[in-house]
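[1] Below are the sequence and a predicted model for it; my questions follow.
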Protein chains: 2
Amino acid sequence: MAGAATRQGEGEVGDLGAARLARLGNDSLQERVYQELRRAISSGRYGSGEVVTIRGLAEMLGTSPMPVREAVRRLVQDRSLEMLPNRSMRVPVMSSDRFMQLTDARAVIEGHAAFRAAQAMTDRGFDAIRDANDRMGLAIRQLDVTGVVDANREFHFEIYKASGSEVLLSVIDTLWQQSGPYLAVLLRALSATPEALPTVGFGHHFDLLAAFAARDAAAAHKAMDDDIRDAADWYVKHGRAAAGHND
Amino acid sequence: MAGAATRQGEGEVGDLGAARLARLGNDSLQERVYQELRRAISSGRYGSGEVVTIRGLAEMLGTSPMPVREAVRRLVQDRSLEMLPNRSMRVPVMSSDRFMQLTDARAVIEGHAAFRAAQAMTDRGFDAIRDANDRMGLAIRQLDVTGVVDANREFHFEIYKASGSEVLLSVIDTLWQQSGPYLAVLLRALSATPEALPTVGFGHHFDLLAAFAARDAAAAHKAMDDDIRDAADWYVKHGRAAAGHND
DNA sequence: CACATTGATCTGTGATCACAAGAATGCAAT
DNA sequence: ATTGCATTCTTGTGATCACAGATCAATGTG
């Protein structure tokens, strides 16, 4: 596609005025494809069990199949895509079993990250977390569903960054990525009933903030665990009807 | 290198009498390269900070750079390799900070997996775990260091499989892979003093077996936590001198 | 009309070529 | 002898071609 495309590196793809950013974040094309697909999957633009092909994605993105191959390979590696023996790839199918496994793992790991964060918390880190929560409050008052989801992610990851463990951070990141399709359903359910936002939006965020302010690691652990499991429960109750679960 | 290699799929690479296995596990070449590199890294055949190149590995393996590219990309994805901004790749450098992060994450996650395993334990699963531990005992009596390490891995992963959570299993797998270079150092230290095997070899395995026999999840959690942290302590005391730590 | 077979097509995979950006090396000038 | 510059080489990256296996549709046969 895209004309006589023997050129590489700069340009040739995103017409989306990214010239300014391209100079700073000089990523490879493969990297940008990866990020784009990653976001598309985690935001639920591809449904559960949907089949994708390398050539199809390449044409859609206006590149050769080459960068897509590598991006897709990475997505398979962190289980955002799944490779069937039939030589085809698809978005992993949702199941309540898998959802429970993800929730359980997240509660334990992110709970521990909150524990470590409380132990290592700095004033700077605390401010970043509180600011993210404030942005989330604003989004809630405006009934801005995607804004809430974004701010929620930021709030959580500021905590995980504060844990000081790159290892935990990367593990949690892959778990969130795998939870993406579920989150997308939740987001759709919330969009249908935005009046539920003030009720469930904050979760246990204020418990977390109080625990961090007091440097109480055990309390932070419990608050994070509750936040994740309660959100999962809410999803099972309200969101699952909208999902294409096959169980 | 490998003659007129326009063929693909079968053959052309491993002469290592894997014909029988090749029929069963008909993996792609890229998959086999990935597995081979993965094993090489986790067994410490590549030192900390060592630089690798796609073309270099390809020539060494007797393939074109193509499958190596994708295998290396996957290894970067699960952090078995690290990509420098200089456009070069290397085995991640060891640091005691990173080692502590890995140990901490492993203790928590694998402790929880043991917890879930105790809750879901079947007689079949228990037998598999006990058998692996018996094989480890045999290797210890024979002062077979690599045999001990292999059996230890098998013992641990039988437990994680028994947890019933594919999510936990895959997370733990990547953590072990990242711990590979450290483990290799430990292995080398043990080879130097094999008389230490009976002392440290079993760790808390019998505590784990007792906990699983009693379906005592809390005890299993604690035993696994102790097993991992004690092994890490032993490594810091005895193995670290042999490692090329830069901290 | 139901079912098996065959042909076309699509898909992932491997090899090869082309290119740009670093890194390394050699040479020359002070 | 050291420093500055230019050339060469190496490396990852992207595009393109070739190929094998699977899928699917159309067709022919009972």
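    In hand now; what should we look at?

[2] Only C-alpha atoms from now on, for both contacts and neighbour counts.
    OK.

[3] Could you point out the longest helix of chain A?
    helix A:166-192 (DSSP state H).

[4] Just give the number of residues close to whatever residue of chain A ends up closest to DNA strand D.
    Closest to DNA strand D within chain A is residue A:29: 3.0 Å, counting by CA to the nearest atom of the strand. The tally of other residues near residue A:29 (other CA atoms under 10 Å in any protein chain shown) stands at 21.

[5] That one against residue A:67, yeah?
    Yes. Between residue A:29 and residue A:67 a contact is recorded at 6.5 Å, counting by CA atoms under 8 Å.

[6] Now do the shared contacts for those two.
    Here residue A:29 and residue A:67 have no joint contacts, going by CA atoms under 8 Å, 6 or more residues apart in numbering or on different chains.

[7] Measure how far the longest helix of chain A is from the centre of its chain, please.
    Centroid separation for helix A:166-192 versus its chain: 4 Å, with CA atoms, centre = their mean, to the nearest Å.

[8] Check stretch A:188-200 too.
    Using CA atoms, centre = their mean, the offset of stretch A:188-200 from its chain centre is 19 Å.

[9] Distance across that stretch, terminal residue to terminal residue?
    From its first residue to its last, stretch A:188-200 covers 14 Å (CA to CA, to the nearest Å).

[10] Now do the buried residues in that stretch.
    A:188-191, A:194, A:197 (16 or more other CA atoms under 10 Å in any protein chain shown).

[11] do stretch A:136-148 as well
    Of the residues in stretch A:136-148, those buried (16+ other CA under 10 Å) are A:136-137, A:139-140, A:143-148.

[12] Which of those residues fall within helices?
    Using DSSP H, the buried residues of stretch A:136-148 in helices are A:136-137, A:139-140, A:145-148.

[13] Could you work out the most separated pair of the residues you listed?
    A:137 and A:146 (12.7 Å; CA to CA).

[14] mind showing which ranges of chain A have poor pLDDT?
    For chain A, the stretches flagged by pLDDT under 70 are A:1-26, A:198-199, A:201, A:239-247.

[15] Break it down into its structural domains.
    If you go by automatic domain parsing, the domain ranges for chain A are A:19-90, A:96-242.

[16] what about the ones you listed, which gets the closest to DNA strand C?
    Closest among the domains of chain A, using CA to the nearest atom of the strand: domain A:19-90, at 3.3 Å.

[17] right, is the closest one up against chain B?
    Yes. Using CA under 8 Å from any CA of the partner chain, domain A:19-90 reaches chain B at A:70, A:73-74, A:77-78.

[18] Do stretch A:115-134 and chain B come into contact?
    No. Applying CA under 8 Å from any CA, one finds stretch A:115-134 separated from chain B by no less than 10.0 Å.

[19] Need the distance between the two termini of that stretch.
    Note: stretch A:115-134 ends 22 Å apart using CA to CA.

[20] May I see the buried residues of that stretch?
    A:115-119, A:121, A:125-126, A:128-133.

[21] Adding distance to residue B:48 and secondary structure, write those residues out as CSV.
    Listed next are the buried residues of stretch A:115-134 as CSV, based on distance: CA to CA, whole Å; DSSP: H, G, I helix; E, B strand; the rest coil:
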residue, distance to residue B:48, secondary structure
A:115, 30, helix
A:116, 27, helix
A:117, 29, helix
A:118, 32, helix
A:119, 30, helix
A:121, 31, coil
A:125, 32, helix
A:126, 35, helix
A:128, 35, helix
A:129, 35, helix
A:130, 39, helix
A:131, 39, helix
A:132, 38, helix
A:133, 40, helix
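
[22] Now render the residues you listed as JSON lines, adding distance to residue B:168.
    Formatted as JSON lines, these follow (distance: CA to CA, whole Å):
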{"residue": "A:115", "distance to residue B:168": "20"}
{"residue": "A:116", "distance to residue B:168": "20"}
{"residue": "A:117", "distance to residue B:168": "22"}
{"residue": "A:118", "distance to residue B:168": "24"}
{"residue": "A:119", "distance to residue B:168": "25"}
{"residue": "A:121", "distance to residue B:168": "27"}
{"residue": "A:125", "distance to residue B:168": "29"}
{"residue": "A:126", "distance to residue B:168": "30"}
{"residue": "A:128", "distance to residue B:168": "30"}
{"residue": "A:129", "distance to residue B:168": "28"}
{"residue": "A:130", "distance to residue B:168": "31"}
{"residue": "A:131", "distance to residue B:168": "32"}
{"residue": "A:132", "distance to residue B:168": "29"}
{"residue": "A:133", "distance to residue B:168": "29"}
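
[23] What ranges does chain A have for its strands?
    For chain A, the strands defined by DSSP state E cover A:51-52, A:82-84, A:88-90.

[24] Is it possible to get TSV of the domains of chain A that adds distance to DNA strand C?
    Shown next, in TSV, are the domains of chain A (distance: least, CA to the nearest atom of the strand, whole Å):
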stretch	distance to DNA strand C
domain A:19-90	3
domain A:96-242	20
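
[25] shouldn't residue A:76 be in contact with residue A:83?
    Yes. Counting by CA under 8 Å, residue A:76 does reach residue A:83; the two are 6.8 Å apart.

[26] which one is residue A:77 nearest to, not counting chain neighbours?
    Sequence neighbours aside, residue B:74 is the residue nearest to residue A:77 in space, at 6.3 Å (criterion: CA to CA, 6 or more residues apart in numbering or on different chains).

[27] how far away is the one you found from residue B:33?
    Taken as CA to CA, the span from residue B:74 to residue B:33 is 11 Å.
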